[in-house]
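# Sequence plus predicted model, see below.
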Amino acid sequence: MIGGGDIGTTLCARLAAENKDVVLVEASEERLRQLRTAVDVQVVHGSGASPRVLREAGLDNAEMLIAVTDCDEVNLIACLVAAQESVIPTKIARVRDPDLAAAVPGIFGDDPLDLNINPEEEAAHTILKTLKAPGAVGVFEFAGGRVQVVVFTVDEPCDAVGVVLADLKPKLEIECNIVAVSRDEALLIPDGKTQIRQGDTLYAAGRPDALAALAELLGKKSIPPRRIVISGGGNTTYYLARLLDAEEDVTAKIIEPDAERCKYLVENLKRGVVLQGHGTDAALLREENIESADAFLALTRDDEDNILSALFAKRSGAGKVMALVNKPSYVPLVSAIGIDAVVSPNRAAVSAILHFIRKGKVVSVTAVGEEAAEALEIVALETSELVGKPLRDADFKDAIVGAIVRGDDVIIPAGNDVIETGDHVVIFALRSAIPRLERQMMVQLQYF
């Protein structure tokens, strides 16, 4: 692991907890001292771009190299050194600069990167999906978008309060499964007797149309946002604005303090308005009629500025309000003060890397709930102990099947349903349940 920032530290902690053999390379002595007490892995001081440091860290015996420093160039050089000086099956690099990311295939030639992570681009796709989903504060897609896990907050009195989860499908005709409930600062795997309470955060799995019906039961607005105000003109905003260019009837205003960056955005985006200013400037936001915005997105590089501007927008009457926050300790605070959703490019990067770590028949992995759980899409193997038996007889612990995709059909399973060989199974599991779940599904971990 090259780089001991938020992404590197999170991944090291996850892998160490699963008894993986991890060596972390970090250039900052101060950060290194913090890491020695924060994560239970071997640490090596030095630059990830140095062949000598990489050999000292055990490059010749490594089976995977993950370069996630804040410097794109260091990440790419580390992977190039790995390609030239050893045989490593998997090389992963974080590359944030759009122009450099486009040049990566030509740089690596015949021995390409296995994964070129662009957290800001991943975050932009997540934001767009969340904007489109009625009432959602988070959206994760599986099976090519046919199944979603959507996060809803029960923040107002509504028809759903007091409903028992077992009644959603037979009585209310809503074809979805509530796979997790965040309640009293704990993430719970519910059962059919669990009641929906005001203050809950629900993780619901199902087809998009069914989840829209659940949103209606929760009292969420179904009108998609048309007028969007964005604070910050960084890479996340750039990628999002390009996506919004393709959306009809959507107008976006971008507020960015740097004049050169404003010029770059104007020259490289087809639509939208770019204003030079600060997203924390209350007078500017009032001038731009923030109270009538359907959505306000605080996407600067400064977590604190994002929280402040998002809070002001929310209290001014803006519709859906989202803030980019990378510091994990800030996430509970953001939800508590009324901001609708948190965007984390770092979390997007962690999810992408976990997919490569969970090798075998794991199609996709998404880290959720402040890294407390994972939503996985797994192909059921013939030898899996979960195949061929009713789900009620399966020995699940701290895990739940949210959906089964069989051919063109999406099945929202109940206790009588059976997993068949070749099914794509969407499972929500607490982190403690992941190793056991992998054994049950007979996922062969290629590298570990």
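That came through, no problem. Numbering: from 1, shown residues only.
# Quickly list what Ile400 is bridged to.
Taking DSSP bridges as the rule, Ile400 bridges to Phe428.
# How about the contacts made by it?
Residues near Ile400 by C-beta atoms under 8 Å, 6 or more residues apart in numbering: 177, 179-180, 189-190, 427-429. The way it works is simple: take the backbone N, C-alpha and C, and place the C-beta from them, glycine included.
# buried residues in the helix or strand hosting Glu260?
Glu260 is located in helix 259-268, with elements delineated by DSSP states H and E. For helix 259-268, a neighbour-count test (16 or more other C-beta atoms under 10 Å) marks 261-262, 265 as buried.
# do stretch 318-337 as well
318-326, 330-331, 334-335.
# helices and strands around the helix or strand hosting Ala103, which ones?
Per DSSP H and E, Ala103 falls inside helix 98-108. Other elements packing on helix 98-108 under the criterion 3 or more C-beta pairs under 8 Å, 6 or more residues apart in numbering; DSSP states H and E are helix 72-85, helix 235-245.
# Extract the CA atoms of the shortest one and return them as CSV.
What that stands for is helix 235-245. This file holds the C-alpha atoms of helix 235-245, laid out as CSV (Å, rounded to 0.1, in the frame of the first residue of the first chain):
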residue,chain,number,x,y,z
ASN,A,235,-12.6,17.9,-10.5
THR,A,236,-15.7,16.5,-8.9
THR,A,237,-17.7,19.4,-10.2
TYR,A,238,-16.1,19.2,-13.6
TYR,A,239,-17.1,15.6,-14.0
LEU,A,240,-20.6,16.2,-12.7
ALA,A,241,-21.1,19.2,-15.0
ARG,A,242,-20.2,17.0,-18.0
LEU,A,243,-22.8,14.5,-16.9
LEU,A,244,-25.4,17.2,-16.4
ASP,A,245,-24.6,18.5,-19.9
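# could you say what helices and strands that helix packs with?
Counting contacts by 3+ C-beta pairs under 8 Å, 6+ apart, helix 235-245 packs against helix 98-108, helix 119-132, strand 227-231, strand 251-256, helix 259-268.
# tell me the most buried of the ones you listed?
Per-stretch averages of neighbours, counted by mean count of other C-beta atoms under 10 Å, single out strand 227-231 among the helices and strands packed on helix 235-245, with a mean of 26.
# contact partners of it?
Residues outside strand 227-231 that contact it (C-beta under 8 Å, 6+ apart): 131, 237, 240-241, 244, 250-255, 278-280, 285, 288, 290, 292-300, 305-306, 309, 313, 318.
# rewinding a little: what would the helices and strands packed on helix 98-108 look like in CSV with distance to Val25?
Conversion of these to CSV gives the following (distance: least, C-beta to C-beta, whole Å):
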stretch, distance to Val25
helix 72-85, 8
helix 235-245, 25
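# In the stretch 51-200 of the chain, where is pLDDT below threshold?
Along the stretch 51-200 of the chain, no part satisfies pLDDT under 70.
# which stretches of it form strands?
With strands called from DSSP state E, counting those that start in this stretch, the stretch 51-200 of the chain shows them at 64-67, 90-94, 115-117, 138-142, 147-153, 176-183, 186-188.
# which helices and strands sit right next to the fifth one?
Same thing as strand 147-153. strand 138-142, strand 201-206, helix 208-217, strand 362-368, strand 399-406, strand 424-430.
# That one pairs with which strands, and in what direction?
For strand 147-153, pairing defined by DSSP bridges yields strand 138-142 (antiparallel), strand 201-206 (antiparallel).
# Against which helices or strands is the next helix or strand after the helix holding Glu260 packed?
Next helix or strand after helix 259-268 toward the C-terminus (DSSP H and E): strand 273-276. Judged by 3+ C-beta pairs under 8 Å, 6+ apart, strand 273-276 is in contact with strand 251-256, helix 259-268.
# For the helix or strand immediately after strand 273-276 in the chain, buried residues please.
Proceeding N to C from strand 273-276, the next assigned helix or strand is helix 282-287, under DSSP H and E. Across helix 282-287, burial judged by 16+ other C-beta under 10 Å covers 284-285.
# got it, and stretch 414-423?
For stretch 414-423, by 16+ other C-beta under 10 Å, it's 418-419, 423.
# Kindly present those residues as a markdown table, with separate columns for distance to Asp200 and pLDDT.
Listed next are these as a markdown table, based on distance: C-beta to C-beta, whole Å; pLDDT from 0 to 100:
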| residue | distance to Asp200 | pLDDT |
| --- | --- | --- |
| Val418 | 30 | 92 |
| Ile419 | 28 | 90 |
| Asp423 | 29 | 90 |
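# For these, give me JSON lines that also has distance to Phe396.
Formatted as JSON lines, these follow (distance: C-beta to C-beta, whole Å):
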{"residue": "Val418", "distance to Phe396": "14"}
{"residue": "Ile419", "distance to Phe396": "11"}
{"residue": "Asp423", "distance to Phe396": "16"}
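# Considering those, which is situated nearest to Ala372?
For the buried residues of stretch 414-423, the closest approach to Ala372 (C-beta to C-beta) belongs to Ile419, at 24.9 Å.
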